[in-house]
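Colleague: build me a model:
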Amino acid sequence: MDYQASCPAPQTATIFISEDQAEQEPAGRLDLAAAATRGDTHRDLRPATSKDCRPLPLPVAFVGARAFVGPSFVDLHHQQANQQQAGLPPNLFFTTAQRSLHAWRDGRPVLHPLTGDAALSLLPQLDHDRALRVLTAKPCHGLVLLYRWPWHGHYVCNPSTGALSPLPDSKMPFRMCDRYTLPNTVVNCVSYGLGYDPAAKEHKVVRVFYLDEGGSAAPVTACEIFSIGGSQACAHWRPAAQRAPICTMRPSTPAVFFSGRLHFLQREHGGCIITFDVHDETFGSLMPPSDSGPHNVTFQLTVLDGCLCLQYYGDDDVQDTSSLYIWRLISYDGAGQWEQLCCIRRQSWPEAMLHSDRISPLEIYRGGDGHRKIMFATCAPTVFAVDADVDGGGAPEILLPPPTGDAAMDSFIETNSAASRSMYTFTDSNSGSHSTMGLLEESLAPVGRASEEIVFSSPSTNAWSDVLKWLPARSVVPLSRVCKDWRAVIKSDRFMQLHAIHANMGKKSPKITLIDPFSGLFWTLTRQWRELHPRNTVGYLFCPRLGCRVVCSKPCHGLVVGSCTTQDTSFDFICNPTMGYYKQMVYLDPAGDATFLAGRIGLGYDSRTNKHVRVRLVYHERNMDTRNYQLGCYVHLTDTEATWRPISSPPRPVAEMQPVHVDGKLYWMVDPNLVGTKSSPDGCEMLALDVGTEEFEVLQGPRCSYDEITSIVELHGNLCVVCSDRDANALDIWMLEASGVWAIGCRVELGEFLHEYLSEETAPMAVDPTDGRLLLCTGRALGYYCPTARTVETIHRLVGQDAMKFSPLLSEESLICPYIRFEKATYSVDM
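Modeller: Now for the predicted structure:
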């Protein structure tokens with residue numbers, strides 16, 4: 001290559017060094033401080049003749065911060081900066097549950113020069129939860145594929161820079177939803193692969209689906225491509241140039257990239273390997289070695305020493321099951337030509353390593369004695385090497401040892417061991433990749449722009465989104481089927497947030513919906529139906545069974561949570577009535593106090609992260625006689641975290657009263673029966689949780705007795721406490737003003753309506769912004785109270801069946817449906 005022609009302008013930080021200079025400063029070992037002092041970061045050091053020069057292999061952290069680099073320089077830098085040094089094992093990176101990447105170079109962890117932490121880089125886009133799983137342990141031109149278990153999507157990552165980009169529609173792909181078979185099974189699965197096209201200088205993520213509904217329907221195979229960089233980069237997946245052949249993909253097993261092709265493993269068809277040419281986007285096939293045992297055993301693919309290799313354990317009938325056989329591909333001619341690279345006999349291994357699961361080779365390197373060493377990794381994680389030039393491999397050489405007494409090394413090993421154990425517990429045992437580690441390459445390769453950034457970079461897309469955000473959710477959803485560009489817009493988090501705000505603007509009467517928490521069905525009480533049936537009864541399908549108690553929250557950015565309990569069961573649920581979305585949640589602590597219903601689950605919204613936050617309070621112990629209690633609090637970032645996460649315990653016990661969300665905080669009423677005081681001259685106490693900081697505080701409530709309080713509610717964006725005046729059959733609604741002072745904002749006179757609206761059973765739900773009337777609910781009647789005329793207009797009631805009550809909730813226009821990708825949504829019934 002003519003380096004002179006491809007060199008950037010002198011003002012960039014591209015540094016060339018002559019062969020004489022290279023001898024003085026070996027590759028990858030340039031003194032950065034000295035270079036900066038000499039001014040090498042700002043001048044061109046090209047010698048007179050370009051044939052005597054080569055690009056200096058600067059570390060990524062140095063080049064990336066000081067230079068604008070193009071695709072040609074990225075290729076040159078990747079080639080020069082990753083030359084393996086003789087006698088040293090390859091560099092590794094580890095993913096952890098702390099959202100960070102750890103590096104391991106030259107047999108030691110890389111420590112931060114200032115903090116001393118073993119962190120290579122932090123991944124700020126991720127919330128701390130489960131560890132990232134490394135799908136492609138062998139980098140593809142500097143990039144790797146990562147996956148967050150469970151159902152939290154795939155990511156393209158450059159470990160050397162810490163750049164991370166989520167892949168769209170990868171948590172649970174649209175093709176796999178709304179099917180009768182469960183996702184990620186042998187009949188409903190997808191396999192991902194990452195390849196690089198040197199001609200177009202772009203990475204491509206390729207995924208192949210195998211969908212089989214059984215019966216008379218034929219299996220469906222599809223291939224989709226997501227381009228990263230290059231001229232074909234877009235915000236959504238596109239079909240491959242050639243249609244995918246019918247092939248039974250192996251679930252959760254990533255493809256292996258080699259020689260411009262991605263290699264996908266099949267579950268059947270004699271172990272045939274499906275190949276995909278990344279440049280031409282065409283399919284082919286490759287057979288495993290015909291004179292060996294892979295046809296009868298499960299084998300895996302990898303790339304070792306620049307060759308495509310196949311590994312498997314011996315068959316029970318023909319080969320030693322404790323031996324690991326590795327074959328390498330010689331040629332693609334015909335069905336493929338293979339030769340056996342080595343046979344690793346594990347009989348001489350230590351007992352602990354002999355029974356280790358998921359041993360996978362990472363790379364081959366030259367040891368200090370000149371022999372070829374095969375580096376292996378386990379799920380521990382333990383990294384070791386065996387000698388490929390010795391018959392049977394010999395005894396393993398531990399590279400990443402168990403605890404040694406070195407504080408830095410021990411901390412590094414323990415952190416990554418915990419992450420790997422977490423992944424081992426929850427991953428498929430037949431998957432080809434379970435590791436939290438991979439090979440580390442120095443690379444400046446970009447991970448591409450985020451899907452939303454690409455989508456909204458178009459002026460026409462922004463114009464359409466400004467129109468669509470005002471439409472009702474039920475009108476927007478069909479438009480997502482118009483084209484992939486519109487679908488990418490409508491399914492983006494950015495548009496969903498905009499739609500949730502703008503579609504609910506203006507003065508609109510509350511949208512009332514009835515719910516059956518056992519079936520997940522909704523019944524929307526439209527104005528037209530109420531006018532036609534002013535005194536008709538509600539269908540008893542939407543009245544929970546006798547002895548059932550149901551409580552619901554007000555909508556929070558479109559979502560509603562609630563709880564349901566009977567003599568036999570107790571569960572919580574989350575729903576979006578507008579979209580007909582409903583999901584039950586099993587009670588968090590089966591050994592806890594299941595009688596605690598109202599108050600145990602709340603829903604907030606963190607405007608800083610634009611995430612819904614579910615909060616659960618669990619009484620692990622509650623004794624009213626002794627006033628002993630143990631109250632735990634757990635939070636869950638909806639559609640982000642995999643599990644409920646405990647936080648600090650509330651400083652006060654909470655009463656059985658549904659919490660309310662106002663301005664980023666959740667409010668509960670303190671339980672006086674556990675505190676030991678039912679009346680106080682200062683009034684009642686309330687508990688507040690900031691969903692952003694996850695910190696509790698105790699607030700002074702209004703000057704009223706605990707016995708008078710029936711509910712807390714949000715009205716007009718203010719926190720309100722509802723008190724019952726039983727003697728007058730009236731409600732006093734206390735409002736917390738902006739100054740922090742409590743005052744009675746409204747008094748609801750229900751004396752004339754005693755037969756239908758008993759004050760201790762009546763709860764305000766919302767204020768109609770069109771006329772200022774207050775929506776009241778007793779569970780058997782719904783009505784609007786006019787504060788000026790002091791009248792009640794009942795819009796719905798139950799007639800007969802005195803023991804039954806319906807469960808109304810309010811709904812907002814919203815497209816947000818957490819977990820909709822892997823669970824079917826139910827559908828509402830508009831009347």
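Colleague: C-alpha only now, for contacts and for neighbours.
Modeller: Will do.
Colleague: so His661 sits against Gly604, correct?
Modeller: Yes: in terms of CA atoms under 8 Å, His661 counts as a neighbour of Gly604; the distance is 5.7 Å.
Colleague: what do those two both touch?
Modeller: Contact criterion CA atoms under 8 Å, 6 or more residues apart in numbering; residues shared by His661 and Gly604: Cys556.
Colleague: quick one, helices of the stretch 351-500 of the chain?
Modeller: Using DSSP state H, counting those that start in this stretch, the helices found in the stretch 351-500 of the chain span residues 351-354, 407-426, 451-455, 459-468, 473-479, 484-490, 493-502.
Colleague: and these, which one's lowest on average pLDDT?
Modeller: Sorting these by mean pLDDT places helix 407-426 lowest, at a mean of 48.
Colleague: any idea how far His716 is from Lys508?
Modeller: 13 Å (CA to CA, to the nearest Å).
Colleague: correction: Phe94
Modeller: 50 Å.
Colleague: so which of those two has more stuff around it?
Modeller: Taking neighbours as other CA atoms under 10 Å, Phe94 and His716 compare with Phe94 leading, 29 against 11.
Colleague: which residue packs closest to Leu699, ignoring adjacent ones?
Modeller: Met686 (5.0 Å; CA to CA, 6 or more residues apart in numbering).
Colleague: next, the one you found: secondary structure please.
Modeller: Following DSSP: H, G, I helix; E, B strand; the rest coil, we place Met686 in the strand state.
Colleague: and for Tyr312?
Modeller: Per three-state DSSP, Tyr312 ends up strand.
Colleague: list the contacts for it?
Modeller: Pro294, Val297, Thr298, Phe299, Gln300, Leu324, Tyr325, Ile326.
Colleague: look up which residues are beta-bridged to it.
Modeller: Tyr325 (DSSP bridges).
Colleague: now the helices for this protein?
Modeller: 3-6, 19-24, 32-38, 60-63, 71-81, 351-354, 407-426, 451-455, 459-468, 473-479, 484-490, 493-502, 527-532, 672-675 (DSSP state H).
Colleague: pLDDT of the fourth one, averaged?
Modeller: Same thing as helix 60-63. 55.
Colleague: go on, the third one?
Modeller: For helix 32-38, the per-residue pLDDT values average out at 32.
Colleague: so what touches the strand ranked longest in the chain?
Modeller: Secondary structure of the chain per DSSP state E: the longest strand is strand 611-623. Contact with strand 611-623 is made by 588-589, 591-593, 596, 599-606, 628-638, 691, as judged by CA under 8 Å, 6+ apart.
Colleague: returning to what we had before: filter the contacts of Tyr312 down to the buried ones and hand me the PyMOL line.
Modeller: This is the PyMOL syntax for the buried subset of these, where burial follows 16 or more other CA atoms under 10 Å:
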select buried, resi 294+298+299+300+324+325+326
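Colleague: neighbours around Gly306, how many?
Modeller: 12.
Colleague: show me the contacts for it.
Modeller: Residues in contact with Gly306 (CA under 8 Å, 6+ apart): none are found.
Colleague: any idea of the pLDDT on it?
Modeller: For Gly306, pLDDT reads 90.
Colleague: what separation is there between it and Phe518?
Modeller: 58 Å.
Colleague: can you check Phe573 too?
Modeller: Taken as CA to CA, the span from Phe573 to Phe518 is 10 Å.
Colleague: out of those two, which sits in the more crowded spot?
Modeller: Per other CA under 10 Å, whichever of Phe573 and Phe518 has more neighbours is Phe573, with 20 against 13.
Colleague: tell me the bridge partners for the residue nearest to Leu699.
Modeller: Beta-bridge partners, per DSSP bridges, of Met686: Met669, Leu699.
Colleague: my guess is it contacts Pro702, does it?
Modeller: No: in this structure, Met686 is not within contact of Pro702 by CA under 8 Å, at 9.4 Å.
Colleague: neighbour count for the two, which is higher?
Modeller: For Met686 versus Pro702, neighbours defined as other CA under 10 Å are more numerous around Pro702 (24 against 19).
Colleague: for the more buried one, what are its contacts?
Modeller: Asp682, Gly683, Cys684, Val721, Trp734, Trp742, Ala743 are the contacts of Pro702 under CA under 8 Å, 6+ apart.
Colleague: grab the nearest non-local neighbour of Glu697.
Modeller: Ala688 (5.3 Å).
Colleague: show me the contacts for the one you found.
Modeller: Lys665, Leu666, Tyr667, Trp668, Phe696, Glu697, Val698, Leu699.
Colleague: ok, now with 7 Å
Modeller: Lys665, Leu666, Tyr667, Trp668, Phe696, Glu697, Val698 (CA atoms under 7 Å, 6 or more residues apart in numbering).
Colleague: now Cys575
Modeller: Leu559, Val560, Val561, Tyr581, Tyr582, Lys583.
Colleague: need those in CSV (columns: distance to Pro159 and neighbour count).
Modeller: Below are those laid out as CSV (distance: CA to CA, whole Å; neighbours: other CA atoms under 10 Å):
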residue, distance to Pro159, neighbour count
Leu559, 36, 28
Val560, 39, 23
Val561, 39, 23
Tyr581, 38, 25
Tyr582, 38, 29
Lys583, 37, 21
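Colleague: mind putting the residues you listed into TSV with pLDDT and distance to Val156?
Modeller: TSV is the format used below for these (pLDDT from 0 to 100; distance: CA to CA, whole Å):
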residue	pLDDT	distance to Val156
Leu559	93	31
Val560	94	33
Val561	93	34
Tyr581	89	30
Tyr582	90	32
Lys583	88	30
